[in-house]
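Trainee: predicted structure and sequence below. I'll ask about it afterward.
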Number of protein chains: 2
Amino acid sequence: MPKADRCIGIGVIGLGTVGGGVVKLINSHRESYVSGYGIHLEVVRGCALVPEAADACGLPRERFTDNWRELISDQAVDIVVELIGGEHPALEIHEAAIAAGKHIVTANKALLGVHVEHLGTLAAKAGVQIKCEAAAAGGIPVVNALEHALVANRILTIAGILNGTTNYILSRMEREGADYADVLADAQRLGFAEADPTADVGGFDAASKTAILASIGFHTRVTAADVFVEGIERISAEDIAVASELGYAIKLLGIARASEHGVEARVHPAMIPADHQLAAVSGPMNAVYIVGDAVGETMFYGAGAGSFPTASAVVGDILALAEPMSRGEEPLAEIEPYDRVLPILSMHELTNRFYLRLLVEDRAGALAATSEVLARRAISISSIRQLDGDGTGGACTVVLLTHEAREADVAAALDELAQLSCVREVANVIRIEDVDAWTQGTDLA
Amino acid sequence: MPKADRCIGIGVIGLGTVGGGVVKLINSHRESYVSGYGIHLEVVRGCALVPEAADACGLPRERFTDNWRELISDQAVDIVVELIGGEHPALEIHEAAIAAGKHIVTANKALLGVHVEHLGTLAAKAGVQIKCEAAAAGGIPVVNALEHALVANRILTIAGILNGTTNYILSRMEREGADYADVLADAQRLGFAEADPTADVGGFDAASKTAILASIGFHTRVTAADVFVEGIERISAEDIAVASELGYAIKLLGIARASEHGVEARVHPAMIPADHQLAAVSGPMNAVYIVGDAVGETMFYGAGAGSFPTASAVVGDILALAEPMSRGEEPLAEIEPYDRVLPILSMHELTNRFYLRLLVEDRAGALAATSEVLARRAISISSIRQLDGDGTGGACTVVLLTHEAREADVAAALDELAQLSCVREVANVIRIEDVDAWTQGTDLA
C-alpha cells in the first residue's frame, strides 16, 4: 500500500447538487483513495450561502463559511473547487484563487466558455492549473481524452450530444410521437428541464461546451460567442416522424471541425443516419464523438449531469492534482495548448444539405414557384414530398430535401420563400449532417 | 510555443502493421508534437527480422537492427516500444529493457495477460513504467480512463466488445442471416480474420484483454487463465434470428465484475437487449462499457485494431512518458495499483438466465421429459417455443429460456438432457446477460 505523505486540503465553493456530491464522494471513498493511490483528500472548508447546505452533505459546521475569500485564503486549502456556476462571482473567485497560488477545479462551462483565455493566462503566469473535466459532458472523461489519451492525433471533428435536457425531450418526442411543448412541460414537471429552459433548449449550454471542447481539441481559442447556435424549439413531432421515415434521427449536436481553412463551431438540430452511434444515445445521456486523424472514429458516452456523475469528473481532476502534491511534488504545469490561432469560419460560408418543411397553398403552381426560388439560388432539390392536402386550395405541408447548398444561399432563399403568396409558412429548416465528412482526413499512410 | 528541452529517443521493436504505423505517425506528426506540447520525439532505432520492414515505414537503414539487445542497450533510446506480440521473446525484451532502466510502451496483450505481475514488480523496483493503452481495445483510450479519468470511482463492471474479428462475423451474420462458417471464410478472404482464427473466434484474445482491464479497474490481479472462455463457433444464423425476435442482440463480450465477494471474469457470447448501447456497436469496431459507482454508465467506442488506431494509443503512451522527460523530469512512477487481492469467483457459482436450443424428437412427451430434467435442478423455464416440426416424429427445434439459474445446475442439466432419448442434440446454450445487474451499486447517497 503506497503511503500518503501528506493530506491534501480541498475547499469547495458551492455546496449544491454537484458540490454536495463532491463532499459526499470524497468522504465515502477517502479510504480507497489512500489504499489505492496513496492520496489522502480532506474537504477542509466548504462555502455556500447558507450553513444548511453544509449539513445536507455532511460537512461539519465548523468547516463552513459563507465567505469565499476566507476559504481561498485558508492555509489548509490546497485546491479550490469552484462549483457555483455562472460568470460572477465565479470570475472573481478564480482570480483570487490564482492570486493565492492555488490550483482550481471547476465545472463552470459558462465562465470558461467566455473567460478561458484570460484565466488561462493568469494561471500560467502563477504556475497553477485550472482543471475542467466536468465543464463539458459532465461525467464523461472527454477533456482527459483530448488533453491526454488522444494527443498523438490531429483532432478533426468533435460532435457531441452535450445537453441532457434537449436529448431527453427529443428522445421522448421520437418515442411517443409527442409535441415539443407537451414534452417540455412534462420534463419540467419531472425535473429534467429548468423552469426557464432557455439555456438548454436554445442551445446556449451546448454552445459553451462546444467552445471548450473545440479550444482543447484544436489548440485554438474558441469562445461561446464564436459558436453558431440554434435551439430545438421549432422541432415538431411531424419533423421527427418524417426524418424517421427517411432513415434519420434528429439530435441537437454541438459540432466543431478543424481544417487548414479554420474552425467551424455550431450547435443546431441535425439529422443524422438512424444507425449512427450518436443516434443510439437516448434520454438524458450525453455522448461525444471525436475523430482523430490516426485513431479514426471514437465515441465517449455517459451521464452529462447529475450529482455523482459530475462529482466523478471533479474528484478525478482533484486526484490528478493531488497525486504529485501528496508526494511533495508540484503537478506538471499544463502546457499552454493554444499554439494555433485558427480563423473561425462564418456559418454563411459553410455548406450543408437541408430539410425544409413548408406550409403552402394546396394548388397547382405552388410547388413550381417554390422550386423556382431555390433553383435561382442554385439550390438543387433531391426530393419533394407532399404530406397532406387534396389539391383543393387549402394548406398542405411540403417537405423538400436539398443537395449540398451554401448556408447563405439557403438563408436568402428562405427569406424569398416566405414572401411568396403561395407559401403560408416556412415551418422548419433542419440541417442534414454529412457524417461522412466528419471522418475526412483519417486516411494517413 | 513551448520549448522542447531535449529530444526523446524511441526504439521500436517490431516494424509490422502496428510498429510501422508508430514510425509513420511519429514522423508525420513530429512538428505538431513540438509546437503543441513541446515534445520532440525521434525514432532513433527500429528492430525487425528483415531490413525491408524499415524501408516500408520510412525508417532509414542506418537506424535498423535485427538485434533487439542492441536496440535496448543503445544510449540514444529512452523509451523501448515492444510491438512484436506473443510471450517470447517479448518477455525477455521487457526484462532487458527494465534492467537497462528504460520505460516500456507495449500493445502485447498475450504477454501482459500472463506476466503482468512479474513484470510490474520488476518495473516498480527499477523505477520504470510499462504503459499498455494499446493492449486492450486498440485505439480506444480505456486504460487511460481506468487509470486516470475514472479514479474517483469504485469500478463495478467492465463489459466490452474487445475483439473486432468476432464482432465483424456476428454483425454480418445478423445483417445477412448468413451462417457462421460462410461468414468466417469470407472474413478470412477479406483480411478481417486470420488463417488460424482460433485466438479470435475462441475468445482467447478477448480473455487476455478482459484480464488486463479487470486488473487495472479492480486493483487486483486477474490473469488470462482466471477468465472463463467460450467462443462464438456454435452461434448459428437461427440463434441470431430467434434472439432478434426476442429483442436481443448476440455479442461476444468480455465481462468483469467486482463485488465484496470477489471478481467474476468471463468471455462468452451473450444476449443483450437490442437497444443497449453495446448492441449498436457493429462491424469490426470495439467498445468498452464501464460502470463506476459515482459516474454510473459510461461507454468508450472506437477501432480496436488496425495500424494507425493502435499507433494512436502507442504514441499517446509515448507522449505521456515523454512530457516530463523532455523537461528533464522523470515520469511520475505509476502507483502499484494492486492493493487488493480479491478472490476470483468460480463460473460454477454464478447465476444467469439461459437460452437453450435443443433438437428433439417431434412427438408427445418430448417437452415434458425435457422440462422435467430442468425442474429437477430447480431451473425454472420462462418460455418454450417450438420453431418447426409437425408432431409426426421427425426432429424439431425447441428454444427454452430459463429464469435465473446457477451455472453448475445448468451444466449438470445439459449433461442429462443430452442423455434423453427424445433429445437428439443440445445445439446451443447462450447466456442472457442481466444488464441491469451491471449498474447495481451506483446508488450512492
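Mentor: Thanks, I have it. These numbers come from a predicted model, not from an experiment.

Trainee: tell me where the model's unsure across the stretch 201-350 of chain A.
Mentor: Low-confidence segments of the stretch 201-350 of chain A (pLDDT under 70): A:333-340.

Trainee: can you give me the helices in it?
Mentor: A:204-218, A:237-245, A:307-325 (DSSP state H, counting those that start in this stretch).

Trainee: right, and those - which one's nearest A:V44?
Mentor: Closest to A:V44 of the helices of the stretch 201-350 of chain A, according to CB to CB: helix A:307-325, at 12.7 Å. Every C-beta, even on glycine, is put in place using the N, C-alpha and C of the backbone.

Trainee: and A:L400, that's in a helix?
Mentor: No. Counting by DSSP: H, G, I helix; E, B strand; the rest coil, A:L400 falls outside a helix, being strand.

Trainee: for chain B, what are the nearby residues on the stretch 201-350 of chain A?
Mentor: Residues of the stretch 201-350 of chain A lying near chain B by CB under 8 Å from any CB of the partner chain: A:219, A:275, A:277, A:280-281, A:285, A:292-303, A:306, A:308-309, A:311-316, A:318-320, A:323-324, A:327, A:329, A:332, A:335-337, A:339-340.

Trainee: whichever of these end up buried, select them in PyMOL.
Mentor: To isolate the buried subset of those in PyMOL, counting by 16 or more other CB atoms under 10 Å in any protein chain shown, use the following:
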select buried, chain A and resi 219+277+280+281+285+292+293+294+295+296+297+298+299+300+301+302+303+306+308+309+311+312+313+314+315+316+318+319+320+323+327+335+337+339
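
Trainee: thinking again about what came up before, please convert the helices of the stretch 201-350 of chain A to JSON lines, extending it with distance to B:T351.
Mentor: JSON lines is the format used below for these (distance: least, CB to CB, whole Å):
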{"stretch": "helix A:204-218", "distance to B:T351": "42"}
{"stretch": "helix A:237-245", "distance to B:T351": "39"}
{"stretch": "helix A:307-325", "distance to B:T351": "28"}
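
Trainee: nearest residue to A:A225 in space, please, no chain neighbours.
Mentor: What sits nearest to A:A225 in space, not counting adjacent residues and going by CB to CB, 6 or more residues apart in numbering or on different chains, is A:V114, at 7.5 Å.

Trainee: can you give me the neighbour number for the one you found?
Mentor: Counted with other CB atoms under 10 Å in any protein chain shown, residues neighbouring A:V114 total 17.

Trainee: what strand or helix carries it?
Mentor: For A:V114, the host element (DSSP states H and E) is helix A:109-126.

Trainee: any idea of the mean pLDDT for that helix?
Mentor: Helix A:109-126 shows a mean pLDDT of 90.

Trainee: other residues contacting that helix?
Mentor: Under the criterion CB atoms under 8 Å, 6 or more residues apart in numbering or on different chains, residues A:85-87, A:90-91, A:94-95, A:98-99, A:101, A:104, A:106, A:129-130, A:132, A:135-136, A:205, A:207-209, A:211-212, A:215, A:221, A:223-225, A:333-334, A:336, A:338 lie in contact with helix A:109-126.

Trainee: same check on stretch A:185-192?
Mentor: Under CB under 8 Å, 6+ apart, the answer for stretch A:185-192 is A:G164, A:T165, A:Y168, A:I169, A:R172, A:A193, A:E194, A:A195, A:P197, A:P284.

Trainee: the first one: neighbour count?
Mentor: By the measure other CB under 10 Å, the count of residues near A:G164 is 22.

Trainee: show the pLDDT at it.
Mentor: Confidence at A:G164, expressed as pLDDT, is 96.

Trainee: so how far is A:F192 from the nearest residue to it once chain neighbours are set aside?
Mentor: Nearest non-adjacent residue to A:G164, counting by CB to CB, 6+ apart: A:P284, 3.6 Å away. Remark: distance between A:P284 and A:F192 (CB to CB, to the nearest Å) = 6 Å.

Trainee: what are the ranges of the strands in the stretch 101-250 of chain A?
Mentor: Counting by DSSP state E, counting those that start in this stretch, the stretch 101-250 of chain A has strands at residues A:103-106, A:130-131, A:155-161, A:228-229, A:248-259.

Trainee: next, format the ones you listed as JSON lines and append mean neighbour count.
Mentor: As requested, those are exported to JSON lines (neighbours: other CB atoms under 10 Å in any protein chain shown):
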{"stretch": "strand A:103-106", "mean neighbour count": "26"}
{"stretch": "strand A:130-131", "mean neighbour count": "24"}
{"stretch": "strand A:155-161", "mean neighbour count": "26"}
{"stretch": "strand A:228-229", "mean neighbour count": "20"}
{"stretch": "strand A:248-259", "mean neighbour count": "24"}
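
Trainee: just send these back as TSV, with distance to B:V151 too.
Mentor: Supplementary listing: the strands of the stretch 101-250 of chain A in TSV, determined by distance: least, CB to CB, whole Å:
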stretch	distance to B:V151
strand A:103-106	14
strand A:130-131	13
strand A:155-161	23
strand A:228-229	35
strand A:248-259	27
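
Trainee: would you check that A:E416 makes contact with A:V373?
Mentor: Yes. When contacts are counted by CB atoms under 8 Å, A:E416 is listed as touching A:V373 (5.0 Å).

Trainee: how far out from the middle of the chain is stretch A:190-197?
Mentor: When distances are taken as CA atoms, centre = their mean, to the nearest Å, stretch A:190-197 is centred 17 Å away from the chain's centroid.

Trainee: mind checking the end-to-end distance for that stretch?
Mentor: One end of stretch A:190-197 to the other measures 13 Å (CA to CA, to the nearest Å).

Trainee: the longest helix along chain A - what's its average pLDDT?
Mentor: Assignment by DSSP state H gives helix A:17-37 as the longest helix of chain A. Regarding helix A:17-37, the rounded mean pLDDT is 95.

Trainee: give the buried residues for stretch A:189-203.
Mentor: Neighbour-count burial for stretch A:189-203 [16+ other CB under 10 Å]: A:F192, A:A193, A:P197, A:A199, A:D200, A:V201, A:G202, A:G203.

Trainee: next: stretch A:400-411.
Mentor: A:L400, A:L401, A:T402, A:A405, A:R406, A:E407, A:D409, A:V410.

Trainee: can you tell me the average pLDDT over that stretch?
Mentor: Averaged across stretch A:400-411, pLDDT comes to 96.

Trainee: show me the contacts for A:A249.
Mentor: Listed by CB under 8 Å, 6+ apart, the contact partners of A:A249 are A:E174, A:A243, A:M271, A:I272, A:P273, A:A274, A:H276, A:A279.

Trainee: just give me the closest of those to B:P51.
Mentor: Compare each of the contacts of A:A249 with B:P51 using CB to CB and the shortest gap goes to A:H276, at 44.1 Å.

Trainee: hang on, the closest one packs against A:V435?
Mentor: Yes. Using CB under 8 Å, A:H276 is in contact with A:V435, at 5.9 Å.

Trainee: list the residues that contact A:A135.
Mentor: By CB under 8 Å, 6+ apart, the contact list for A:A135 reads A:T106, A:A107, A:N108, A:K109, A:L112, A:V143, A:K209, A:I212.

Trainee: show me which of those is closest to B:G231.
Mentor: For those, the minimum distance to B:G231 (CB to CB) is 38.0 Å, reached by A:V143.

Trainee: just give the nearest non-adjacent residue to the closest one, would you?
Mentor: Once flanking residues are discounted, A:V143 sits nearest to A:E133: 4.5 Å by CB to CB, 6+ apart.

Trainee: check contacts around the one you found.
Mentor: A:P141, A:V142, A:V143, A:N144, A:A313, A:V314, A:G316, A:D317, B:A149.

Trainee: dump those residues into CSV; add distance to A:Y248 as well.
Mentor: Formatted as CSV, the contacts of A:E133 follow (distance: CB to CB, whole Å):
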residue, distance to A:Y248
A:P141, 29
A:V142, 25
A:V143, 30
A:N144, 32
A:A313, 31
A:V314, 36
A:G316, 35
A:D317, 37
B:A149, 32
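
Trainee: which of those sit farthest apart?
Mentor: Across the contacts of A:E133, the longest distance by CB to CB is 14.4 Å; it joins A:V142 and A:V314.

Trainee: many thanks, we can stop here.
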